[in-house]
Every structure is written in structure tokens, then in C-alpha cells.
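> when you get a sec, could you give me coordinates for this:
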Amino acid sequence: MDKYKMAEITGIADSVRNHYNLSCPLGSIDEVVRKMGGEIRETANITRMTDSRIIKPKEGSSFIVEVPCYQPAIRRRFTVCHELGHLFLHMRYMLDPSSWDALDMEQYYSQPETDMQEDHASEFGAALLMPEKEFRSEVERNSANGVVDIKAVAEYFDVPVDVARHRSLVLGCRESIIPTGVLMFFSFDIVGST
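Down below sits the predicted model:
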């Protein structure tokens, strides 16, 4: 993604944070969505853990974020922010009221999302959850001898480690990252093989 598009996405995420007076780190994601005029619904009808969607109902809430009911809370939080990326960037919620009002959901869902749209929504979600200034500050606070404890940074923002790691790379935080998880090595000797 080019730096101009990244700056645009970050600017929109910052504007959303300011407009809704969102704290950092972000509080309850359900409360954030309610503040924006929407609601989150968990459903068993979504078949993959990473699937989710935005719905513009004919009546009631301004929008609904549908997420899988079995998704872990920390992943659910990022998933909702990713969907908010689609809401603001692609559906133009609050940014262009005439486009939002004219939005036909059947037509919107009949057009497959591109990888680029998915990348944009993920970058928006990361920028909303981890604003650049605060992220850099946490990276610095959790660094020693040029090594970042990315797990501690992720815990501060209440995001999955892979999301914090990606944000670090996007923002050019070049320090080494303490690896997380377990590395397994398997070796097999096959009798009679050459």
C-alpha cells in the first residue's frame, strides 16, 4: 500500500477517534460501536472464524456488525474494527451522507471485496486501535537493547500479537521483536533410506 493511501486511512481513523472522543487504549468495543450508532451481533451462521460483515438495516440501528459467536474476545475486537474500516472507508458512513443513504446492501454484497479493500479495512482497524503516536510510545516503553517485547505492546492495546507485529512493521519500528509462541522442530530417520 502506498504511503499516501496509508496517510489517508490513518487520517480517517484519527478523525473517527476524535469525532467520537475515543480513549486510547480503546475501551469496550461494544460501547464504541454503540457510540457510533451501531450494534454488534454474534452469530453462529458465519462459517469461518475470520468472517464478519456490516449490515445496514432498514430500521433501527444505523449499522450492525455481525461476528462469529465462537471468536476469541481479543480477535473479535480487531474483527469489529476491521469491519468499521469497511463502514467508513468503503460504505462512507458519516463521511458522505448521500452515499450512505443511497447504499443498496444487496448491490454492495453482490460485488466481491478486493484484497486491497481488505488491506485498507485492516489498516483502518489497526490505526483505530493503535494510533501511531501512542503505538510508538508503547514500543519505546517496551524496548530494551533494541528489542521490543511486542507481546507487552499487544496486551496494552488489547490486540492479537500478530496485529501489533504488523502495525510495528507498517510504522517502520525497526527494532528486533521478541519472538512469541513455540518453535517445534521435528526430525525423522527413515530406516533404509538413502
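
> let me know the secondary structure of the residue lying closest to Leu87 once chain neighbours are set aside.
Using C-beta to C-beta, 6 or more residues apart in numbering and skipping the chain neighbours, the partner closest in space to Leu87 is Tyr93 (4.6 Å). For the C-beta atoms, the positions are set from N, CA and C on the backbone; glycine is no exception. Here Tyr93 is coil, with the state taken from DSSP: H, G, I helix; E, B strand; the rest coil.

> Tyr93 is in contact with His86, isn't it?
No: counting by C-beta atoms under 8 Å, Tyr93 does not reach His86; the two are 9.2 Å apart.

> the top helix by length along the chain packs against which elements?
Secondary structure of the chain read by DSSP state H shows that its longest helix is helix 3-19. On a contact count with 3 or more C-beta pairs under 8 Å, 6 or more residues apart in numbering; DSSP states H and E, helix 3-19 meets helix 115-129.

> show me what the helix or strand following the helix it packs on is packed against.
Downstream of helix 115-129, the next assigned helix or strand under DSSP states H and E is helix 132-141. Packing partners of helix 132-141 (3+ C-beta pairs under 8 Å, 6+ apart): helix 150-157, helix 161-170.

> export those helices as CSV, with columns for mean neighbour count.
Below are the helices and strands packed on helix 132-141 laid out as CSV (neighbours: other C-beta atoms under 10 Å):
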stretch, mean neighbour count
helix 150-157, 20
helix 161-170, 19
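
> so which residue is dead centre in this protein?
Gly125 (3.2 Å; C-alpha atoms, centre = their mean).

> check contacts around Arg92.
Counting by C-beta atoms under 8 Å, 6 or more residues apart in numbering, Arg92 makes contact with Ser99, Trp100, Leu103.

> swap in 10 Å and give it another go.
Counting by C-beta atoms under 10 Å, 6 or more residues apart in numbering, Arg92 touches Ser98, Ser99, Trp100, Asp101, Ala102, Leu103.

> of all the residues you listed, which two lie farthest apart?
The most widely separated members of those are Ser98 and Leu103, with 9.8 Å between them, by C-beta to C-beta.

> what helices or strands is the strand or helix carrying Glu31 leaning on?
Glu31 is part of helix 29-35 when elements are defined by DSSP H and E. In terms of contacts (3 or more C-beta pairs under 10 Å, 6 or more residues apart in numbering; DSSP states H and E), helix 29-35 is packed against helix 3-19, strand 38-43, strand 63-68, helix 73-85, helix 115-129.

> any idea which of these gets closest to Arg165?
helix 115-129 (10.6 Å).

> pull out the buried positions in the closest one.
Across helix 115-129, burial judged by 16 or more other C-beta atoms under 10 Å covers His120, Ala121, Ser122, Glu123, Phe124, Gly125, Ala126, Ala127, Leu128, Leu129.
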